[in-house]
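# what's the 3D shape of this:
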Amino acid sequence: EKGLRAHLAAKLPDPFMFNGVNLACSRAYEAAMIWTIELYPRSYNTLKSLYRREKQVHMIFATLDKFK
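I've put the predicted structure just below:
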């Protein structure tokens, strides 16, 4: 419910109305997440395996990449 929002076309009159959803983040943020997956596949796969467990996982974003 926090990651998705109603598609903008849901407000249009028929026959143009579309009952769908969009990501709640901006397109730039969405693109940044895709690039992160491609640039750091090992980290992404580790997170993916952690999310499968029952314990909560917190992801911290930093502006400095000091772990390279």
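
# Going by C-alpha atoms from here, please, whenever you check contacts or count neighbours.
Fine.

# so where do the helices sit in the protein?
27-39, 41-51 (DSSP state H).

# Can I get the first one as PDB, trimmed to CA atoms?
The reference is to helix 27-39. Extracted C-alpha coordinates of helix 27-39, given in PDB (Å, rounded to 0.1, in the frame of the first residue of the first chain):
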ATOM      1  CA  ARG A  27      11.000   7.400 -12.200                       C
ATOM      2  CA  ALA A  28      14.500   8.600 -11.300                       C
ATOM      3  CA  TYR A  29      14.300   6.600  -8.000                       C
ATOM      4  CA  GLU A  30      13.000   3.500  -9.900                       C
ATOM      5  CA  ALA A  31      15.900   3.800 -12.400                       C
ATOM      6  CA  ALA A  32      18.400   4.200  -9.600                       C
ATOM      7  CA  MET A  33      17.100   1.000  -7.900                       C
ATOM      8  CA  ILE A  34      17.400  -0.900 -11.300                       C
ATOM      9  CA  TRP A  35      21.000   0.300 -11.700                       C
ATOM     10  CA  THR A  36      21.800  -0.700  -8.100                       C
ATOM     11  CA  ILE A  37      20.700  -4.300  -8.900                       C
ATOM     12  CA  GLU A  38      22.800  -4.400 -12.000                       C
ATOM     13  CA  LEU A  39      25.900  -2.800 -10.400                       C
END
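
# if you skip the residues just before and after it, what's nearest to residue 12?
The shortest distance from residue 12 to any non-neighbouring residue, by CA to CA, 6 or more residues apart in numbering, is to residue 18 (7.8 Å).

# count of neighbours near that neighbour?
Residues lying near residue 18 (other CA atoms under 10 Å) number 15.

# Also residue 7?
Residue 7 has 15 nearby residues by other CA under 10 Å.

# Can you name the residues bridging to the closest residue to it other than its chain neighbours?
Excluding its sequence neighbours, the residue lying closest to residue 7 (CA to CA, 6+ apart) is residue 21, at 4.5 Å. As for beta bridges, residue 21 partners with residue 6 under DSSP bridges.

# Before I go, just wanted to say thanks for your time.
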